[in-house]
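Colleague: Next one to model:
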Amino acid sequence: MPTWVKICGVTRPEDARAAFDAGADAIGINFWTGSRRCCRLEAAREIVSVLRPGELAFGVFVRAPRDEVRRIVDEVSLGGVQFHGGESTDDVAGWNVPTIRAVAVSDRLAAEAALAMRDRFLESRGAGYRLLVDHGSGGGSGLAIDDEMLDGLDLADAILAGGLTPRNVADRVARFRPFGVDTAGGVESAPGIKDANAIAEFIREARREQ
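Modeller: Residues are numbered from 1 along each chain as shown. Alright, predicted model coming up:
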């Protein structure tokens, strides 16, 4: 099965189209005001308006109230939600769209605990949920997770993030065999401004051996 690819931090309709035209499986639209890639509702609706049937846009949230997340999902017509702020299991559960829970991994024990949490969640909540493993500094840092933190761990149901670029994604996929990969800054010419050529190269490299 080809590596699942998500292009995150999309702020412009043309970048969304570039991602899907190059073969991406999903994009991410960031609603956290602390991010350089934060997207206003009007801009987010413009992005979603250019999507075709089956093209999936995740809303990225950081410790946002549940009612606010639900309102934005409905107003923007998002196809999925991603939680990136250490939200509780109850906050992450119960959504009727695909759900990603991002975990910042600062050491080997944190990685093992995150994967154990994923397994418990899947056993109790079922499908439609993915764990995203990111660098300990959190999303958008552009920093890669140290290899020894992940070596030997089962990432077959997880999404790998953190400092992924067209230059390193093939090696990371070959080494860790994740379900999917996620990048934002790795395919940008400036924060929030994607490079269509870099997106296409990233996707090719992520699936190079498949």
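Colleague: Just name the shakiest helix or strand of the chain by mean pLDDT.
Modeller: helix 108-125 (a mean of 74; mean pLDDT, DSSP states H and E).
Colleague: Quick check: what element follows that one along the chain?
Modeller: Where DSSP states H and E defines the elements, the next helix or strand beyond helix 108-125 is strand 129-135.
Colleague: can you list contacts of the next helix or strand after that following strand?
Modeller: Next helix or strand after strand 129-135 toward the C-terminus (DSSP H and E): helix 147-150. For helix 147-150, contacts defined as Cβ atoms under 8 Å, 6 or more residues apart in numbering pick out Val105, Asp107, Arg108, Ala110, Ala111, Val133, Leu160, Arg175, Phe176. Where C-beta positions appear, they are placed from N, C-alpha and C, glycine not excepted.
Colleague: Closest one to Phe83 out of these, please.
Modeller: Closest approach to Phe83 among these (Cβ to Cβ): Val133, at 13.8 Å.
Colleague: ok, that closest one - contacts?
Modeller: Neighbouring residues of Val133 by Cβ under 8 Å, 6+ apart: 102-103, 105, 111, 114, 145, 150, 155, 158-162, 178.
Colleague: which SS class is the spatially most central residue of the chain?
Modeller: Nearest to the mean C-alpha position of the chain, counting by Cα atoms, centre = their mean, stands Asp182 at 4.7 Å. Following DSSP: H, G, I helix; E, B strand; the rest coil, we place Asp182 in the strand state.
Colleague: where in the chain is pLDDT low?
Modeller: 119-127, 137-141 (pLDDT under 70).
Colleague: tell me the strands in it, going along the chain?
Modeller: In the chain, the segments counted as strands under DSSP state E are 4-7, 26-30, 56-61, 80-83, 99-105, 129-135, 158-160, 180-183, 188-190, 193-194.
Colleague: would a markdown table of those strands with distance to Leu41 be doable?
Modeller: Converted to a markdown table, those look like this (distance: least, Cβ to Cβ, whole Å):
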| stretch | distance to Leu41 |
| --- | --- |
| strand 4-7 | 20 |
| strand 26-30 | 10 |
| strand 56-61 | 10 |
| strand 80-83 | 15 |
| strand 99-105 | 20 |
| strand 129-135 | 24 |
| strand 158-160 | 25 |
| strand 180-183 | 23 |
| strand 188-190 | 22 |
| strand 193-194 | 20 |
